[in-house]
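Participant: mind looking at a prediction? Sequence and model below.
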Protein chains: 2
Amino acid sequence: MGKRLLVIGGVAAGPKAAAKAKRCDPEMEIVVYQEEEEISYAGCGLPYFVSGLIKKREDLISRTPGKFAQDGIKVLRNRQIEEIDIIEKTISGKNLESGELFEDHFDRLVIATGAQPIRPKIEGIDLGNVFYLRSIFDADEILQALKSDKITDVVIAGGGYIGLEMAESLIHIGKKVTIVELAPQILTLFDDDFAGLLRQYLEKKGVKIYTSEGIEALRGSEGKVTQVRTAGREIEANAVLMSLGVRPRVELAKKAGLRIGETGAVWVNERMETSAEGIYAAGDCAETTHLITGKKVWVPLGSTANKQGRVAGVNLCGGHAVYPGVMGTAIFKVFDFNVAKTGLSMREAEKEGFHPIQAIVRGYDRAHYYPGEKESTLKVIADQETGRILGGQAIGEGPSDKFIDILAMALHGKMTCKDLANVDLAYAPPFSPVLSPVIVAANVLTNKLEGRVRGIQVEEVREKLSTSKETFQVLDVREEDEVKRKRIPGSTWVPLWKLEKHLGELDKKKEIAVHCESGLRSYKACLKLQKEGFENVKNIDGGILCWCDDPESII
Amino acid sequence: MGKRLLVIGGVAAGPKAAAKAKRCDPEMEIVVYQEEEEISYAGCGLPYFVSGLIKKREDLISRTPGKFAQDGIKVLRNRQIEEIDIIEKTISGKNLESGELFEDHFDRLVIATGAQPIRPKIEGIDLGNVFYLRSIFDADEILQALKSDKITDVVIAGGGYIGLEMAESLIHIGKKVTIVELAPQILTLFDDDFAGLLRQYLEKKGVKIYTSEGIEALRGSEGKVTQVRTAGREIEANAVLMSLGVRPRVELAKKAGLRIGETGAVWVNERMETSAEGIYAAGDCAETTHLITGKKVWVPLGSTANKQGRVAGVNLCGGHAVYPGVMGTAIFKVFDFNVAKTGLSMREAEKEGFHPIQAIVRGYDRAHYYPGEKESTLKVIADQETGRILGGQAIGEGPSDKFIDILAMALHGKMTCKDLANVDLAYAPPFSPVLSPVIVAANVLTNKLEGRVRGIQVEEVREKLSTSKETFQVLDVREEDEVKRKRIPGSTWVPLWKLEKHLGELDKKKEIAVHCESGLRSYKACLKLQKEGFENVKNIDGGILCWCDDPESII
């Protein structure tokens, strides 16, 4: 007889661990316990199921219990596990259909209990048409309400990935959507400049956004929500989607006496072993390590869950596999914008004690002469002291996914900007500019590291323009047609090629921040100004690309 | 006064070196000498200019002499340089417009003379309508002929990138196209399985292809080509495109006494310095290092030329930059297929003394349930002894460029398959399956390294099926509908789920090669067979994906 493996949780990490274990040790007896009626479904696909892009519910199910049975894995659904005895190696629980209690024993156990949405304790939270989107049943519920109720106005609480994906889905099916976010920006894992670009885009698509405003109460009538009250206003809404994030489901592990990490998720080592022998945890309930900071983090993602499930499956059969950790890579699509990140943001890097510098460039997907061009704005961040790449962000209709994957690999390879400037990426006109935007950014960073020209972030420019006009000036070196489209209020305009003749118009004693479209011409202008004796010259990171429209900036 | 920099060659590396030098040292006097009438044009865009996809000739010109002048760089066109005196630091040449001779002196010199097409010494090579495609003037000539002559049938000599790109361009404008290749396969830098997939695709698109057939002579009438004679046949053709590759233009450097490398290109070190002080070479005329083998190679590519030009520009101003070398990354598009490679092929790896193993998987661009899926077939190669990734190939309508860029970065990071299996790539349903195909391939390689199941290449299967039927059998474990579409002739068919019951039909003593669609089910079948006492079990790399149609295989 083989060893007996029990798996608690049947969505992503659990089924993966079970399948891998069966391949590693075909003798193993395996039972997967799942609390819900469905197993092995694609949680990440739910927003697209709500929007109707994915038509058939069954398309979201990767493997049915029958498929698992074919591989010799038993799946028991509607089973709620209530206790794990780590000494006796037993679990006990309840059959949610029959109400019967049961017990089972194990040689190996995988805990893959996932995560659950945060439910704030506010007035009206139990009203009808207040939704979450975590499980396939949540999606069913939303679809049911959209069909039967007259839902016209939806408030989304939380400006993270799920909230933004759902904003698109709901706009797509004709709803009015308002996002309410407690933080000063949506997309808090990104820097404010890139979050600003996305906000501007979403507003053009008709999404209303309020930041720095938490939801304080929900009001209703006849048991259903009708109004959302924030610190600043009251918003009419006949449905609310709470997407304030998730937290790991660790109650079972905690009760069993397993170690819970400082992140609040189940503590595991690189082999996905918990603090008790023979017991593994994987997926959204487990913590992991951030490979740049070396710190424990909790980053629940489907791709991570699958990798961790595999590692647990190998190890519990006596093999040796490790899951070293994450880089903080994330991506999502909202309307036609591809929004992606890896590593640390500027803000995160500063918090971790680095001295980050950034390059922001236009990220084209093909040679300039090859028709059909798409573009993302690309940011690459490096540490000023070591030149090591720390992270990147990309946003736009271009290949953000490709840029971020390249940068994630650079992070895994512990590359510096100089290394990155010479990588041999695939170039032909339909696929990339002759120098990949990633390489262009690496070159900009190298220039900065060598101290040729210092950078300044748009936020600082914005602040100095309003507070330090006496000592600060902005120089715009673009051409006339560009300046007509958008301009930084209060800037002085001198096209690069006229700069020589107009130097007298600029004050050598004031700090001068120069910009063009994205940075090359302003870089040349900075060199020129420094040569002419200007002492405090800075190049605006990302130029006009990262300067979000506000009413005054349109001329 | 600043130092005087002369640049010989004005297409890619030359202008880049000049522009970078001017930014590093604005005092420098810079003159670019260009033999042709045009400078700074996009050689890689020429096939798309011929096909009409790129409509305006000027779109191919990145920077005009006027633009260079604005930056303080002088460009002299129609100047043929005939001699370099490395002791006196002078160059001399001829003004091709006026016929006048001239001389110039330098403190620093960049040689960027590029490459030229190979012209075979065969009968009829000087006939009219025999074309090359290297410079923008070659493209002009082809377009002129297509306009004025009744060209219906074109023979392309050479099945490399340019030949294949041009095949598409010519089919696109209604020509009959035949490719003649001396080697046993087109696309000789790829393994024969992937070259086979491309050949099959091109033939479906109407391209005739003859391999193992060199062109022996061209016949003509009234001064224009009418027929191509190969070892095997005579082909009617009223135009011929010779794309047999290029060779570096090193005559000038050689005559000057500069060291020529073993590759036949100008020898340079990592700083792009030639053997003479103050003289640099960059771009298609210079050699570089292959970062996996450590050997000197000559790989002329536009992206490399740009990077090398930049490095030369920094160093000649007294800065410090290095260009370590290439990974052998290459990509091109032909019809809707994206064809890309990095690192070594199986064949190249074997030649270099590695013991390569490969994984071939389906490379989807999104989650299976997200509509609009595109797919490339992806191969990843690793060294059996160390697990180190050695290379990859991708072909199909899917994101070959992204896969190959990720793999190129893995090569730069000297990753093993175990490292690659855990990289944190960007996942969301519109961008990738939950596990990137690159990661799936890394997992397959890890399984192979651990010796669970050995692989066998399709070519070996094909050979053994025809020579060793007594001792060799092929088992197909797919479902009925799949088998109906395509099948390996002579294979035994037992769906995976029926395998247990039909073991008796298989001969335990014979070698058994198992396949499914791409490898997962056959992997499970192999484990099963090994457990049942089959001694010589192998999983066919790439399964039916890599089995090219031949008349017998369609049932």
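Facilitator: Perfect, I can see it now.

Participant: so which residue of chain A comes closest to chain B?
Facilitator: residue A:413 (2.8 Å; CB to the nearest CB). No exception for glycine: its C-beta is placed from N, CA and C like everyone else's.

Participant: surely that residue meets residue B:409?
Facilitator: Yes - under the criterion of CB atoms under 8 Å, residue A:413 makes contact with residue B:409 at 6.5 Å.

Participant: comparing the two, which residue is more hemmed in?
Facilitator: Between residue A:413 and residue B:409, residue B:409 has the larger neighbour count (other CB atoms under 10 Å in any protein chain shown), namely 28 against 21.

Participant: quick check: that one is in a helix.
Facilitator: Yes - Residue B:409: assigned to a helix according to DSSP: H, G, I helix; E, B strand; the rest coil.

Participant: check what pLDDT it gets.
Facilitator: Residue B:409 carries a pLDDT score of 98 in this model.

Participant: gap between it and residue B:128?
Facilitator: Residue B:409 is 47 Å from residue B:128, where distance means CB to CB, to the nearest Å.

Participant: now do the helices in the stretch 201-350 of chain A.
Facilitator: Ranges of helices in the stretch 201-350 of chain A, per DSSP state H, counting those that start in this stretch, are A:251-255, A:302-316, A:346-351.

Participant: point out the most buried one among these.
Facilitator: Burial among the helices of the stretch 201-350 of chain A, expressed as mean neighbours by mean count of other CB atoms under 10 Å in any protein chain shown, is greatest for helix A:302-316, which shows a mean of 27.

Participant: which one is the residue nearest the centre of chain A nearest to, not counting chain neighbours?
Facilitator: What sits nearest the mean C-alpha location of chain A, by CA atoms, centre = their mean, is residue A:330, with 4.0 Å. In space, and not counting its chain neighbours, residue A:330 is closest to residue A:341: 5.3 Å by CB to CB, 6 or more residues apart in numbering or on different chains.

Participant: go ahead and confirm the one you found touches residue A:327.
Facilitator: No - using CB under 8 Å as the test, residue A:341 is too far from residue A:327 to be in contact (9.7 Å).

Participant: mind checking which of these two has more residues around it?
Facilitator: Neighbour totals were compared for residue A:341 and residue A:327, and residue A:341 leads with 28 against 25 (other CB under 10 Å).

Participant: please name the residues that touch the more buried one.
Facilitator: A:189, A:190, A:328, A:329, A:330, A:331, A:391, A:392, A:393, A:394, A:404 (CB atoms under 8 Å, 6 or more residues apart in numbering or on different chains).

Participant: do that again at 10 Å, thanks
Facilitator: A:187, A:189-191, A:194, A:327-332, A:379, A:391-395, A:400, A:404, A:407-408, B:426 (CB atoms under 10 Å, 6 or more residues apart in numbering or on different chains).

Participant: gap between residue A:155 and residue A:205?
Facilitator: With CB to CB as the criterion, residue A:155 and residue A:205 are 17 Å apart.

Participant: the more surrounded of the two?
Facilitator: Legend: neighbour count by other CB under 10 Å for residue A:155 and residue A:205, higher for residue A:155 (26 against 15).

Participant: what helix or strand is that one on?
Facilitator: strand A:153-157 (DSSP states H and E).

Participant: sec struct for residue A:195, please.
Facilitator: helix.

Participant: surely it meets residue A:393?
Facilitator: Yes - assessed by CB atoms under 10 Å, residue A:195 is found in contact with residue A:393 at 9.5 Å.

Participant: flag the shaky bits of chain A, pLDDT-wise.
Facilitator: Residues of chain A meeting the criterion pLDDT under 70: A:549-555.

Participant: touching both of residue A:195 and residue A:393, which residues are there?
Facilitator: A:187, A:189, A:339, A:345.

Participant: in a helix, the first one, correct?
Facilitator: No - assessed with three-state DSSP, residue A:187 is coil; it does not lie in a helix.

Participant: give me the nearest residue to it, chain neighbours excluded.
Facilitator: Nearest to residue A:187 is residue A:195, by CB to CB, 6+ apart, at 4.4 Å.

Participant: then residue A:245?
Facilitator: Spatial nearest neighbour of residue A:245, excluding adjacent residues (CB to CB, 6+ apart): residue A:118 at 5.2 Å.

Participant: looking at it, the one you found is touching residue A:248, isn't it?
Facilitator: No - between residue A:118 and residue A:248 there is no contact under CB under 10 Å: 11.2 Å.

Participant: so these two - more neighbours on which side?
Facilitator: Between residue A:118 and residue A:248, counted using other CB under 10 Å, the more crowded position is residue A:248 (24 against 14).

Participant: how many neighbours does the closest residue to that one other than its chain neighbours have?
Facilitator: Spatial nearest neighbour of residue A:248, excluding adjacent residues (CB to CB, 6+ apart): residue A:265 at 4.0 Å. Residue A:265 has 26 neighbouring residues, counting by other CB under 10 Å.

Participant: give the contact list for residue A:265.
Facilitator: A:115, A:247-250, A:253, A:281, A:283-288, A:296-300.

Participant: now do 7 Å
Facilitator: A:248, A:250, A:285, A:286, A:287, A:298 (CB atoms under 7 Å, 6 or more residues apart in numbering or on different chains).

Participant: could you look up the SS state of residue A:20?
Facilitator: With three-state DSSP as the basis, residue A:20 sits in helix.

Participant: test my guess that it contacts residue A:314.
Facilitator: Yes - using CB atoms under 7 Å, residue A:20 is in contact with residue A:314, at 6.2 Å.

Participant: re earlier: now the buried members of the contacts of residue A:265.
Facilitator: A:248, A:250, A:285, A:286, A:287, A:298 (16 or more other CB atoms under 10 Å in any protein chain shown).

Participant: now the second one: phi and psi?
Facilitator: Read it as residue A:250. Torsion angles at residue A:250 (phi, psi; degrees, to the nearest 10) stand at phi -120, psi 0.

Participant: my guess is it contacts residue A:267. True?
Facilitator: No - with contact defined as CB under 7 Å, residue A:250 and residue A:267 do not form a contacting pair (9.7 Å).

Participant: between these two, which contacts overlap?
Facilitator: Joint contacts of residue A:250 and residue A:267 (CB under 7 Å, 6+ apart) are residue A:260.

Participant: ok, the residue nearest to residue A:145 when sequence neighbours are not counted to residue A:225 distance?
Facilitator: Residue nearest to residue A:145 in three dimensions, not counting chain neighbours: residue A:129, with 5.7 Å by CB to CB, 6+ apart. Applying CB to CB, the value for residue A:129 to residue A:225 is 5 Å.

Participant: swap in residue A:476?
Facilitator: Distance from residue A:476 to residue A:225, by CB to CB: 48 Å.

Participant: same thing with residue A:452?
Facilitator: For residue A:452, the distance to residue A:225 - CB to CB - is 57 Å.

Participant: neighbour-wise, which of these two wins?
Facilitator: A direct count of neighbours by other CB under 10 Å for residue A:452 and residue A:225 places residue A:225 higher, at 22 against 15.

Participant: quick one on the thing from earlier: which one of the contacts of residue A:265 sits closest to residue A:149?
Facilitator: Set against residue A:149, the nearest of the contacts of residue A:265 by CB to CB is residue A:248 (32.6 Å).

Participant: just checking, that closest one touches residue A:298?
Facilitator: Yes - the pair residue A:248 and residue A:298 qualifies as a contact (CB under 7 Å) at a distance of 6.2 Å.

Participant: what sits in contact with each of the two?
Facilitator: A:264, A:265.
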